[in-house]
Structures are given as C-alpha cells and as structure tokens.
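Trainee: From the sequence below, what's the structure:
(4 chains)
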There are 2 protein chains.
Amino acid sequence: MSRNTKDKRTAAELPPELTQARRFGKTRTAQSRALLEDYVELISDLLATGGEARPTDVARRLGVSHATAIKTITRLKREGLATGLPYRGVFLTETGHALAERMRTRHRLVVNLLVALGVPTEIAEADAEGIEHHVSDATLKAFSQFLQISASTRASRKS
Amino acid sequence: MSRNTKDKRTAAELPPELTQARRFGKTRTAQSRALLEDYVELISDLLATGGEARPTDVARRLGVSHATAIKTITRLKREGLATGLPYRGVFLTETGHALAERMRTRHRLVVNLLVALGVPTEIAEADAEGIEHHVSDATLKAFSQFLQISASTRASRKS
DNA sequence: ACCAAATTGTAGACAAGGCTACATTACAAG
DNA sequence: CTTGTAATGTAGCCTTGTCTACAATTTGGT
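Mentor: Numbers count the residues shown, from 1 in each chain, chains lettered A, B, ... in the order given. Predicted coordinates for the structure are as follows:
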C-alpha cells in the first residue's frame, strides 16, 4: 500500500502528508530558535533592571552551568544578536533588542490569555515559557483581540 | 552583587530566580519529550488508518530522512513506547498507546481552542503542533471549560 | 525460483546543548 | 602591590537529532 512516492498531482490538490511534514519542520526550527529567544529575553531583562548582564547571572536564572551559558552566548554573538568583549559582560545588538521586545510582548500576551481563560497565574507563567515560542503572529493577534473583547465585556457588565 | 549562592532561606520566601530556572528546566525536558510524542502520535495514526506503520511512512510524514526516523524509533523502543521486529514494521506498547491517546486529546483541544478564539483552522493546526507539548493539565482543563462555556453560550443565543 | 526495486537497517559525520574539570582574568581587601 | 576569590573562559566528553552513503532484507513480477 501507498507505493505512491512519485505520483505527481497538481499543486492545488497535492499536499496530504506534505503539509504535515512542513508543519513538523517548522516546529523543529522553532525549537532551535526558542533557546536563543529565551537567552535574549533574559539578557534584556538583566540589562534593564541591573544595568548589566553577566554570564553567571544568565546561567543561574536559566538553571544551566556557566559554561553552557557562555557557549550559548557565543552562539548569540555569532548570530548577530549579542555583543560584548571578553570578561566585560554581554550586550544586545539592535536585532537582539528587537527580538527581546517581541518576545516580551508575546510572553505577556500568552500569560494574559491563559489567565483570562482561568489558568492560575503561576501555571500560566510556566506554560507560557514553552508556548510563547510556537505562537504565530495570526494566533497572537487572535489572542489580543480576545483579550480586548473580554475586557470590554467585563467593563460593560460592571457599569 | 548577589553573592548568595549558598544562602538558605526558608522554603516559603526563597525562590526569586530559582522559580525561573525550574521553569526553563521543565521547558527543556518538555522539548526532549515533544519529538517522541510526535512520533508516537503519528505511528498510532498510521496504525489506525492503514493497519501498519512503516518507518518510511513515518519519515515522509515527519519530513525527515528514513535513517533519522529509524533511529528515533529505536529510541522509542528503548524507552518502552514501541515494539516491532526488524524489517517488520513498528507497533506501540500499552504505554505508547496511552501516550498517543493523551496527545490526540491534547491536540484536538488546543486546535479547538485556537479556532474558538478566531484563529484560522490551517494556522491553528500548525501552531497546535508546537503548543500541545507545553500545555499543562491545569491549562488543558481551563481550555476545555472555556470551550464548554462558549459552546453553551452559542447554543443559548441561538434559542 | 530469481531478480530488481523498494524498504529497512547501519555507519559515520556534524551541530546543538548539556556537563565537569581546569585555566585565566578581574577586582577588592589588606 | 600582592593575593585570594569570584567570574569568565576553554577543553573535552556525552546525548539528541539530523544528514548522506552504503549494506542488507523483503517482496512482487516474471
């Protein structure tokens, strides 16, 4: 059965399993980005609150060894998201900052949605950590609209 | 600053950054499970529809090479989720079946929620692929309750 | 029963992300 | 200005997950 490796249908009707394959592929690359996103978001946080981001702090907050943190930070630099001289702390590039900002927004939105749906804040915060990297822009927009609507509904009920 | 690696406070007030570390750790292990979950779910699907699950089909549906699929299936067997003799197709153990069932439920619920929130089905399906692995039971329950409520609301509006 | 083709399996390479152990640098206290 | 300690960086190892290339098995058609 299904010896149809080479069957060629027109592009319109073709993708029964290809769609699925593409989806999985996307999810896989998303996971590879997820870690970098977490690092960038955290570094941005440390920079904003403490004025500096030290590898050790990053490591402790992420729950990994400092060696791991440094290695990943090196990758961040290689990919143009971070900068910084040896022994001198980490900083974000323009791109890095933009990404951090995007992730922060995402995170907030996901948490807010979960909470609006009745998830306890603690759990919402934890789940969002995993979910936020897999939410498309379209879905994010839907979240935001839902939150607006439910907010105004609550407001009108109160008045 | 923060030279407090070994400081021991009471469990109640302690975890400012530890909480975050734990969350990241959880997310990391979740990602490691995610792939296995995808494989199990897919194998269960193939078994249900076609009666057999061949590594090649799994590979094609997942968009990876057959070698990768076989290696991962080996790991599935090692972890007690799948069985099967060489050259004889793959099957699921009790545990594997249970996991597949759980994932199927999860997936459906996540998709339904997204759709209910106004996300186009196509996109909901794709996003769910990434999200479903990071949704805790509590959050899942909240999803399900929301769906029930919004369903009954629609019903009463209609009557 | 045989053979060609497809499927399945194996080997070896690579990158990512983790770790521990060791080396180097910075810095503050004396 | 020395020096001890914390932070930073480096080296080497492990596991996952991916690939390509090659070997082995099964199977359907003759």
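Trainee: Residue A:63 and residue A:57, how far apart?
Mentor: When distance is defined by C-beta to C-beta, to the nearest Å, residue A:63 is 12 Å away from residue A:57. All C-beta spots, glycine's among them, are computed from the backbone N, C-alpha and C.
Trainee: Name the residue in the two with the higher neighbour count.
Mentor: residue A:57 (22 against 17; other C-beta atoms under 10 Å in any protein chain shown).
Trainee: any idea which element the more buried one lies in?
Mentor: helix A:55-62 (DSSP states H and E).
Trainee: Next, see if that helix gets close to DNA strand D.
Mentor: Yes. Helix A:55-62 comes into contact with DNA strand D (C-beta under 7 Å from any atom of the strand), by way of A:55, A:56, A:57.
Trainee: right, and out of the residues you listed, which lies closest to chain B?
Mentor: Closest approach between the residues of helix A:55-62 next to DNA strand D and chain B, by C-beta to the nearest C-beta: residue A:57, at 7.3 Å.
Trainee: Next, the buried residues of the helix holding residue A:57.
Mentor: By neighbour count on 16 or more other C-beta atoms under 10 Å in any protein chain shown, the buried set for helix A:55-62 is A:55, A:57, A:58, A:59, A:60, A:61, A:62.
Trainee: Now for the fifth one: which residues touch it?
Mentor: Going back to what we said before, that points to residue A:60. B:17, B:21 (C-beta atoms under 8 Å, 6 or more residues apart in numbering or on different chains).
Trainee: Need phi/psi at residue A:83.
Mentor: phi -140, psi -170 (degrees, to the nearest 10).
Trainee: what's stretch A:128-147 in contact with?
Mentor: A:27, A:30-31, A:33-34, A:37-38, A:103, A:106-107, A:109-114, A:116, B:23-24, B:26-27, B:30-31, B:114, B:117-120, B:123-124, B:126-127, B:129-131, B:133-135.
Trainee: Oh, that last question was meant for stretch A:107-117, not what I typed.
Mentor: Here stretch A:107-117 has contacts from A:41, A:121, A:123-125, A:127-129, A:131-132, A:135, A:140, A:143-144, A:146-147, A:150, B:139, B:142-143, B:146, using C-beta under 8 Å, 6+ apart.
Trainee: Also stretch A:64-77?
Mentor: A:35-36, A:39-40, A:43, A:55-56, A:58-59, A:62, A:82-84, A:90, A:96, B:24.
Trainee: Would you map the helices across chain A?
Mentor: Secondary structure of chain A (DSSP state H): helices at A:18-50, A:55-62, A:66-78, A:94-116, A:121-131, A:137-158.
Trainee: any chance of those in CSV, plus distance to DNA strand C and mean pLDDT?
Mentor: Conversion of the helices of chain A to CSV gives the following (distance: least, C-beta to the nearest atom of the strand, whole Å; pLDDT from 0 to 100):
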stretch, distance to DNA strand C, mean pLDDT
helix A:18-50, 4, 95
helix A:55-62, 7, 97
helix A:66-78, 3, 97
helix A:94-116, 15, 97
helix A:121-131, 12, 97
helix A:137-158, 22, 92
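Trainee: now those in TSV, with distance to residue B:70?
Mentor: Output for these, formatted as TSV (distance: least, C-beta to C-beta, whole Å):
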stretch	distance to residue B:70
helix A:18-50	16
helix A:55-62	33
helix A:66-78	29
helix A:94-116	36
helix A:121-131	28
helix A:137-158	34
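Trainee: and residue B:47, which of those is closest to it?
Mentor: helix A:18-50 (16.0 Å; C-beta to C-beta).
Trainee: which residues touch the residue nearest to residue A:57 when sequence neighbours are not counted?
Mentor: Distances taken as C-beta to C-beta, 6 or more residues apart in numbering or on different chains place residue A:46 nearest to residue A:57, at 5.8 Å, with adjacent residues excluded. The contact partners of residue A:46, taken as C-beta under 8 Å, 6+ apart, are A:52, A:53, A:54, A:57, A:58, A:61.
Trainee: residues in contact with the first one?
Mentor: This points to residue A:52. With C-beta under 8 Å, 6+ apart, residue A:52 has these contacts: A:46, A:89.
Trainee: what do you get for the last one?
Mentor: Applying C-beta under 8 Å, 6+ apart, one finds that residue A:61 lies in contact with A:42, A:46, B:17, B:20, B:21, B:24.
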